[in-house]
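Enquirer: Structure of the sequence below:
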Amino acid sequence: MNYSAVVHKLRVQIHEFSGKLSARFSRPKQRFIEQMLYGICARQDVKLSEIARSLEEDVALIQTEKRLSRNLNSDGMDERVTDAVVKLGARRVHRDTLLVMDLSDITKPYAKKMEHLAQVRDGSSGEIRDGYPTCNVIACEEGKRRIVPLYQALYSAAAPGYESENQEVLRAVDSVRRWTNGRGIWVMDRGGDRVKLLRPFLNREGMRFIVRLVGNRHVVFRGRNYRALAVAESCPLPYADVIVKEDGDGEVSHYIEYGFRKVKLPGRAEQLYLVVVKGFGKEPMMLLTNVAVRKKRSVLWFIVGSYLTRWRIEDAIRFVKQAYNLEDIRVMTYVRLKNLVALVLAASYFTAAYVGERLKLAVLARRVVKAAKRFFGVPVFRYYALADGIAAVLGHATRGPLCAPRPPDTPSPQLELFEP
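Expert: Coordinates of the predicted model:
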């Protein structure tokens, strides 16, 4: 492979993408954002010391790290970067594109001095630990794996001005809807069925959603209030299919049956549909939606398949956090934390959408994927390999990003262990 040519193309693409992302910022901030994107992609890491090394500046590494830290401490940068990513990604969101909402976390059990640490439930272990919750939105199409990371925000219940997790979800919804003009169907797992979310969803004009219900939620069926589970257990299931679900041990086949009931929420007049799926466990899976459902297999399957697509892109949800080692974030202040998480979103969008999907970059994407050094080949979820490949190619760079000039040379003391 001619690494010099591919390196040049990647540097140009990062420069162009960064320019679109940072158009509303000052020149120094534009340069900073490009350097951060380059460093995150080149090192697959969020530690400022690693990003500083990737820039190849003719100054002491500690000076580069301090400059990056100083620029990262900018109020409002996270919102402006996130808004720019959503604006770029909105053109990829069509009427029936799925907008998968995921509430995740970054656990920091040993980082006692990080600002506004709060308690979160570790998604992998289920334990309560110190850390920060995050709200993420990923766009994809029903039945497909191609993704577009649209939104990622860190917040803390211990931070001044925090209202609630519900408000964080609604803030994400409104941020995305602002640029998509209401296109897309929102898909949420358990937790999205709270009345304090469902009512605002219904109040937003044209917002369509598919939300998984827990059994003790109440719905109105034929004019009377029932627990959702009671309605689901009596629901006729005229359709059946066999689906294959992937897990860590391989593939597992499930014979499923599904049907629906027309329902409403207590105190609301909107027509809703309770889609019932049996075959995944003892209790039926219940999906509440305001997408019109008819007695037609293809229409009903679209609702079922849309929710199951969320399972298919679990790797995508992990990719946004794991590909750039976000759990190892070490900046100490809340503003820097929020800004760095937004920049990781931008790097994820660059890898998954800007490079991986643009037709004129298809050849570049294939060549970058080949650069990933993997013992067992490219995995099914290609974005990990693409991120690895970008880092591998940029590892051959003898210069940093295209933005210049570099600062003058200074003495070179040893890097500090911890970041500001």
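Enquirer: how long is stretch 196-210 end to end?
Expert: Stretch 196-210 has an end-to-end distance of 16 Å (criterion: C-alpha to C-alpha, to the nearest Å).
Enquirer: Can you mark which positions in it are buried?
Expert: Within stretch 196-210, the residues that count as buried by 16 or more other C-beta atoms under 10 Å are Leu197, Leu198, Pro200, Phe201, Leu202, Met207, Arg208, Phe209, Ile210. Bear in mind the C-beta positions are built from the backbone N, C-alpha and C, glycine included.
Enquirer: Keep only those of the residues you listed that are in helices.
Expert: Leu197, Leu198, Pro200, Phe201, Leu202 (DSSP state H).
Enquirer: just these now: which is nearest Gly215?
Expert: Relative to Gly215, the closest of those is Leu198; by C-beta to C-beta it sits at 15.8 Å.
Enquirer: State the number of residues packed around the residue nearest to the closest one when sequence neighbours are not counted.
Expert: Nearest residue to Leu198 in three dimensions, chain neighbours excluded: Leu265, at 6.2 Å (C-beta to C-beta, 6 or more residues apart in numbering). When neighbours are counted by other C-beta atoms under 10 Å, Leu265 registers 18.
Enquirer: Equivalent analysis for Lys20, please.
Expert: Neighbourhood size, Lys20 [other C-beta under 10 Å]: 12.
Enquirer: if I read this right, it contacts Ala84, doesn't it?
Expert: Yes: between Lys20 and Ala84 there is a contact under C-beta atoms under 8 Å: 7.2 Å.
Enquirer: Please enumerate the shared neighbours of the two.
Expert: Counting by C-beta atoms under 8 Å, 6 or more residues apart in numbering, Lys20 and Ala84 have no contacts in common.
Enquirer: Restrict the helix or strand encompassing Gly89 to CA atoms and write it as PDB.
Expert: Here Gly89, judged by DSSP states H and E, is contained in helix 77-89. Output of helix 77-89 as PDB, limited to C-alpha atoms (Å, rounded to 0.1, in the frame of the first residue of the first chain):
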ATOM      1  CA  MET A  77     -18.200  24.100  22.600                       C
ATOM      2  CA  ASP A  78     -19.900  20.800  23.200                       C
ATOM      3  CA  GLU A  79     -23.300  22.100  22.100                       C
ATOM      4  CA  ARG A  80     -21.900  23.800  19.000                       C
ATOM      5  CA  VAL A  81     -19.900  20.800  17.900                       C
ATOM      6  CA  THR A  82     -22.800  18.400  18.500                       C
ATOM      7  CA  ASP A  83     -25.200  20.800  16.700                       C
ATOM      8  CA  ALA A  84     -22.800  20.800  13.700                       C
ATOM      9  CA  VAL A  85     -22.600  17.000  13.600                       C
ATOM     10  CA  VAL A  86     -26.400  16.800  13.700                       C
ATOM     11  CA  LYS A  87     -26.700  19.300  10.900                       C
ATOM     12  CA  LEU A  88     -24.300  17.300   8.700                       C
ATOM     13  CA  GLY A  89     -25.900  14.000   9.500                       C
END
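Enquirer: so after it, what's the next helix or strand?
Expert: Heading C-terminal from helix 77-89 (DSSP H and E), you reach strand 98-107.
Enquirer: any idea of the mean pLDDT in that next one?
Expert: Regarding strand 98-107, the rounded mean pLDDT is 93.
Enquirer: Which strands border it, and is each parallel or antiparallel?
Expert: strand 128-140 (antiparallel), strand 185-188 (parallel) (DSSP bridges).
Enquirer: immediately after it, which helix or strand?
Expert: That would be, after strand 98-107 and using DSSP H and E, strand 118-121.
Enquirer: ok, that next one: who's next to it in the sheet?
Expert: By DSSP bridges, strand 118-121 pairs with strand 128-140 (antiparallel).
Enquirer: So for the strand it pairs with, what gets flagged as buried?
Expert: Those would be Asp130, Gly131, Tyr132, Pro133, Thr134, Cys135, Asn136, Val137, Ile138, Ala139, Cys140, for strand 128-140 by 16+ other C-beta under 10 Å.
Enquirer: swap in stretch 174-187?
Expert: Buried residues in stretch 174-187 (16+ other C-beta under 10 Å): Ser175, Val176, Arg177, Trp179, Thr180, Arg183, Gly184, Ile185, Trp186, Val187.
Enquirer: biggest separation within those, which pair?
Expert: Trp179 and Val187 (18.4 Å).
Enquirer: Can you say which helix or strand has Ile14 in it?
Expert: Going by DSSP H and E, Ile14 is in helix 3-21.
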